[in-house]
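J.: sequence first, then the predicted structure, then my questions.
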Amino acid sequence: MVLAAVWVLGHGMHLAANSINNLAEELARQGVLDITGTDLYSLIYFLDEHLSHTLWHIGILGLASLLIYREWRRPAGVRTIWWATILAGLIYGFTSFCIFLEGQTVLLGFPFTIIILIITLIWGRKKLALQPELSFFFVASLVAAVLFTGWGIYWGGFPQFSEVGLI
């Protein structure tokens, strides 16, 4: 419940602060009111782009960790359906890459994916056929890690989509 609350708190804060930030920038662009050089705007930007994303993404990673831990300790006892696991892992891995990149929280998301890959390859490789959730997060982490690595090499760092003109 705590992890879900952190996720919801971060996401809710992001939605509210992002709306206020967008309004402030639009008002400044129209010449109606320009607060972009003030401490108030700095606070709004911090809540929008830093604190909210960090809380939101910690909640996501915490819940993912909890699901992995639960599957590791008490497997569901069903076989992994690989086509569905790979498809879902591709979607979730791409989504994870996108939210951590655009949310400027690559320092949370990228190491998490690498840790999941290492733990699974060293201690969980033989469990994948009978632990669908572990398999799902392994595939998703592999996809995200490949995307992070490719993006980092191509751009020489981790600029957001919006910074390179893709949004």
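T.: That came through, no problem.

J.: buried stuff in the helix ranked longest in the chain?
T.: In the chain, taking DSSP state H as the definition, the longest helix is helix 2-30. Neighbour counts over helix 2-30 (16 or more other CB atoms under 10 Å) mark 3, 6-7, 10-11, 13-14, 17-18, 20-21, 24-25 as buried. Every residue, glycine included, has its C-beta placed from N, CA and C.

J.: where do the domain boundaries of this structure fall?
T.: Under the assignment automatic domain parsing, the domains of the chain span 1-74, 78-167.

J.: is it possible to get TSV of those domains that adds mean pLDDT?
T.: Listed next are those as TSV, based on pLDDT from 0 to 100:
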stretch	mean pLDDT
domain 1-74	95
domain 78-167	96
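
J.: still on that earlier bit, helices and strands around the longest helix of the chain, which ones?
T.: helix 39-46, helix 52-73 (3 or more CB pairs under 8 Å, 6 or more residues apart in numbering; DSSP states H and E).

J.: ranking the ones you listed by burial, who's on top?
T.: helix 52-73 (a mean of 18; mean count of other CB atoms under 10 Å).

J.: many thanks, I have nothing further to ask.
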